[in-house]
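**Student:** here's my sequence, what's the structure:
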Amino acid sequence: MRAESREQWRIAAFAMPAAIFMTLVFALPLGAVFLQSVQAPNGASFSAEAYAKIFTTPLFLRVAWTTFEISVGATIFSLLLAYPIAYFLSRQPPRRRALFMILVLVPFWTSSLVKSFSFMVLLGQSGIVNQLLGSIGIPPVKMLFNRFGVMAGMSHFLIPFMVFPILTSLINQPPELARAAAIMGAGKVRIFRKVTLPLSLPGVMAGALLVFILSLGFYVIPALLGGRQDMMFANLVDFYTREVLNWQMASAVAVLLIAAAVLASVLLSKVRGGGSVLSSEGH
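**Tutor:** The predicted model follows:
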């Protein structure tokens, strides 16, 4: 028993620097934000005025719905693009799969700001895509400063977060199941519909929740590629801090955004395989 206790203390000693670091750079600032959100304008007492104003302000309700709408849309769009990629990777030999996985990770090699300006070059009124459409007789299509631009930019960033949980579920499927279904006379489409897809649903759910959590806090892409109707929570925080100079309201919005992300994280931890996704994302 004493040896186990010493081992636990040794593990705690290794974890202590990380715990102190996270407390200083994450927990304490979040606590300060929460205190600021409940502090009265005179600073002498506490008040929930900011939260009451948020839930009765049409602007906040509209932004909350827009954030939910964009986050769900980005999740669905990322899933539609990521599942075929994950399925293709799961059918490759390990060495080739590792090479293709590097290509999937390419979006992480540049910042969201640089990628957003790249999308402006691609999707602008005189951009590369519209020039290609014009060469075949199609008039220019507005693809920037609207919901399409936001979806394109966010999905480009989020696809890897959707690919890897699905890929893990697909790789972990026993190949004997598909083989047995083929022996019983099932075709490739039926094997996918009855065996592969149902067994990959935990990875789909884990990836969808992870992408949804990440989508809630997007700021740069909606600000650069979206229109005025595409304001999200993070943009609202920027509005209250830079335009209105109301730090109490900005803090209250930030607290609600964090609460929504924590709630989605709890749901993700309940999904089979979701806990490992969260831990790997933390690393």
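**Student:** how about the helices of the stretch 1-150 of the chain, start to end?
**Tutor:** 2-22, 28-37, 49-56, 58-90, 94-104, 112-123, 128-135, 147-171 (DSSP state H, counting those that start in this stretch).
**Student:** for the fifth one, buried residues please.
**Tutor:** Within helix 94-104, the residues that qualify as buried are 101, 104, counting by 16 or more other C-beta atoms under 10 Å. No exception for glycine: its C-beta is placed from N, CA and C like everyone else's.
**Student:** again with the third one
**Tutor:** Burial within helix 49-56, assessed by neighbour count using 16+ other C-beta under 10 Å, is assigned to 49-51, 54.
**Student:** thinking again about what came up before, just the helices of the stretch 1-150 of the chain: most buried one?
**Tutor:** helix 147-171 (a mean of 22; mean count of other C-beta atoms under 10 Å).
**Student:** quick one: mean pLDDT for that one?
**Tutor:** Averaging pLDDT along helix 147-171 gives 93.
**Student:** relative to helix 128-135, how tilted is it?
**Tutor:** 110 degrees (axes from the mean of the first three to the mean of the last three C-alpha atoms, to 10 degrees).
**Student:** which residues are contacting the following helix or strand past helix 147-171?
**Tutor:** Per DSSP states H and E, the first helix or strand lying C-terminal to helix 147-171 is helix 175-183. For helix 175-183, the external contacting residues (C-beta atoms under 8 Å, 6 or more residues apart in numbering) are 190-191, 194-196, 199.
**Student:** closest one to Y83 out of the residues you listed, please.
**Tutor:** T196 (10.5 Å; C-beta to C-beta).
**Student:** give the burial count for that closest one, as a bare number.
**Tutor:** Neighbours of T196 under the rule other C-beta atoms under 10 Å: 18.
**Student:** tell me the spacing between it and I85.
**Tutor:** 15 Å (C-beta to C-beta, to the nearest Å).
**Student:** so where's the protein uncertain?
**Tutor:** 1-4, 41-44, 271-283 (pLDDT under 70).
**Student:** tell me which helix or strand the spatially most central residue of it sits in.
**Tutor:** Residue closest to the mean C-alpha point of the chain, counted by C-alpha atoms, centre = their mean, is L214 at 2.4 Å. In the assignment (DSSP H and E), L214 maps to helix 197-216.
**Student:** just the buried residues of that helix, please?
**Tutor:** For helix 197-216, by 16+ other C-beta under 10 Å, it's 199-200, 202-216.
**Student:** and that helix, what does it pack onto?
**Tutor:** Under the contact definition 3 or more C-beta pairs under 8 Å, 6 or more residues apart in numbering; DSSP states H and E, helix 197-216 sits against helix 58-90, helix 147-171, helix 247-270, helix 274-282.
**Student:** by how many degrees do the longest one and helix 197-216 diverge?
**Tutor:** Calculated by the same axes, to 10 degrees, helix 58-90 forms an angle of 140 degrees with helix 197-216.
**Student:** now the angle from helix 58-90 to helix 247-270?
**Tutor:** Going by the same axes, to 10 degrees, helix 58-90 makes 30 degrees with helix 247-270.
**Student:** so helix 58-90 versus helix 49-56, what angle?
**Tutor:** Between helix 58-90 and helix 49-56, the angle comes out at 80 degrees (the same axes, to 10 degrees).
**Student:** ok, now the third one?
**Tutor:** With the same axes, to 10 degrees as the criterion, the two stretches helix 247-270 and helix 49-56 enclose an angle of 70 degrees.
**Student:** list the buried ones in the helix or strand where I221 lies?
**Tutor:** Taking DSSP H and E as the definition, I221 sits inside helix 220-225. For helix 220-225, a neighbour-count test (16+ other C-beta under 10 Å) marks 220-225 as buried.
**Student:** what's the closest of those to F60?
**Tutor:** P222 (16.0 Å).
**Student:** wait, F161 touches I213, no?
**Tutor:** No: using C-beta atoms under 8 Å as the test, F161 is too far from I213 to be in contact (9.3 Å).
**Student:** list the contacts of L170.
**Tutor:** Going by C-beta under 8 Å, 6+ apart, L170 touches 86-87, 89-90, 196, 200, 203.
**Student:** K53 now?
**Tutor:** M249.
**Student:** can you tell me how far it sits from F46?
**Tutor:** K53 sits 15 Å away from F46, going by C-beta to C-beta.
**Student:** what's the answer for I20, then?
**Tutor:** 28 Å.
**Student:** cool, T75 as well?
**Tutor:** According to C-beta to C-beta, T75 stands 37 Å off from F46.
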